[in-house]
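Q: below is the sequence, then the predicted model.
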Amino acid sequence: MTTRRPLIAGNWKMNGLQESGAVELALLQQRVTATRPAAEVVICPPATLAANFAVQVRGSGIGIGGQDCHVKASGAHTGDISAEMLADAGASHVIVGHSERRADHGETDGLVRTKAEAAHRAGLTAIICVGETLEQRDAGRTIEIVSGQVAGSVPEAATPANTVIAYEPVWAIGTGRTPTEDDIAAVHAAIRRRLADWLSQGADFRILYGGSVKPSNAKEILALKDVDGALVGGASLKAADFWPIVEAAG
Ligand code: PGA
């Protein structure tokens, strides 16, 4: 097994304008360049900011990611953005299958898998999101649901170099609530088992936790076995909140 370098990815969602966004990115960049953190750092801004951000962070070690991509490289798909376009804008990563996309746009595991394949085709690392709803958790189905999403959403050709899994319980996103440490560890172990049983390099995939990660809980969560980083929403918008999370990764 190779060492899994932690990844701290910020998901800005539909937040951020050119000027204020560039200010926060510059603050983060100063910290990253000054200290060269142990964790890999990726910011996923809205698509409107990706190209400028990619230019801004050049040489700093910060990666830029998209928040979604279309399955096709180009064509008549009004409003969509392809993985190739994100790569052309300077992105290295793309989030696929975020629960907000699954809920708002009816994205299925099969579609998410095809999007991850599109990301790979364009040379991007896919951050594939999975996670149970509160109803599913209350029904005791968390492991079954998440394992099924992993099986359905991760392409068979995925490798630890081009794919990261993000476990994000839907009920923990933006709510300030998180599962217990034991619950997080149990789901991450189940995802690890699922990957290891199925893919030859299963032990080497990074599995991130996401859902209300903040400076006050990051250290405990990131210390858990099989937690290889975090996907951070709200707390990634301000460098002052995001940086302590990066530092907490070691
Ligand atoms: P949150 O969002 O950190 O605001 O809970 C996480 C996510 O949706 O990726």
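A: Structure received.

Q: the one residue in the chain that gets nearest to the ligand: what's it in contact with?
A: Across the chain, the shortest distance to the ligand (C-beta to the nearest ligand atom) belongs to G233, at 2.2 Å. (Each C-beta comes from the backbone N, C-alpha and C, glycine too.) Counting by C-beta atoms under 8 Å, 6 or more residues apart in numbering, G233 touches 10-11, 13, 173-174, 210.

Q: tell me the pLDDT of it.
A: You'll see G233 listed with a pLDDT of 98.

Q: once you drop chain neighbours, what's closest to A185?
A: With sequence-adjacent residues excluded and distances taken as C-beta to C-beta, 6 or more residues apart in numbering, A185 is closest to L224, at 4.8 Å.

Q: ok, that neighbour - contacts?
A: 181, 184-185, 188, 209.

Q: distance of D197 from G148?
A: Per C-beta to C-beta, to the nearest Å, D197 is found 14 Å from G148.

Q: which of the two has more residues huddled nearby?
A: G148 (14 against 9; other C-beta atoms under 10 Å).

Q: could you say what helices and strands the helix or strand hosting that one packs with?
A: Assigned by DSSP states H and E, G148 belongs to helix 142-153. The helices and strands touching helix 142-153, judged by 3 or more C-beta pairs under 8 Å, 6 or more residues apart in numbering; DSSP states H and E, are helix 109-121, strand 125-130, helix 181-198.

Q: next, count neighbours for E107.
A: Count around E107 with other C-beta under 10 Å applied: 20.

Q: ok, now D182?
A: Neighbours of D182 (other C-beta under 10 Å): 9.

Q: just G106 next, same as before
A: Residues near G106, counting by other C-beta under 10 Å: 8.

Q: how is it assigned, secondary-structure-wise?
A: Here G106 is coil, with the state taken from DSSP: H, G, I helix; E, B strand; the rest coil.

Q: start the count at 759 instead of 1 going forward.
A: Done: numbering now begins at 759, and the last item shifts to G864.

Q: distance of it from M772?
A: G864 sits 18 Å away from M772, going by C-beta to C-beta.

Q: what of P795?
A: 27 Å.

Q: what do you get for G819?
A: On the measure of C-beta to C-beta, G819 and M772 end up 26 Å apart.

Q: neighbour-wise, which of the two wins?
A: Neighbours were counted for G819 and for M772 using other C-beta under 10 Å; G819 has more, 12 against 7.

Q: in contact with that one, which residues?
A: Counted by C-beta under 8 Å, 6+ apart, G819 has contacts 790-791, 794, 798-799.

Q: where exactly do the strands run in the chain?
A: Ranges of strands within the chain are 765-769, 798-802, 820-824, 851-854, 883-888, 921-925, 964-968, 987-990, based on DSSP state E.

Q: which bits of the protein sit near the ligand?
A: Proximity of the chain to the ligand, by C-beta under 6 Å from any ligand atom, involves residues 769, 926, 931-932, 968-971, 989-993.

Q: any low-confidence regions in this protein?
A: For the chain, the stretches with pLDDT under 70 are 759-760.

Q: can you give me how far stretch 778-789 is from the chain middle?
A: 20 Å (C-alpha atoms, centre = their mean, to the nearest Å).

Q: quick one: which of the contacts of G991 has the most company?
A: Among these, G768 has more neighbours than the rest - 29 neighbours, counting by other C-beta under 10 Å.

Q: how far away is it from E865?
A: Distance from G768 to E865, counting by C-beta to C-beta: 21 Å.

Q: for K972, same thing?
A: Counting by C-beta to C-beta, the gap from K972 to E865 is 27 Å.

Q: what do you get for G833?
A: Distance from G833 to E865, by C-beta to C-beta: 19 Å.

Q: okay, now the closest residue to S911 other than its chain neighbours: neighbour count?
A: Among residues not flanking S911 along the chain, V870 sits closest, at 4.2 Å (C-beta to C-beta, 6+ apart). Residue neighbour count, defined by other C-beta under 10 Å, stands at 26 for V870.
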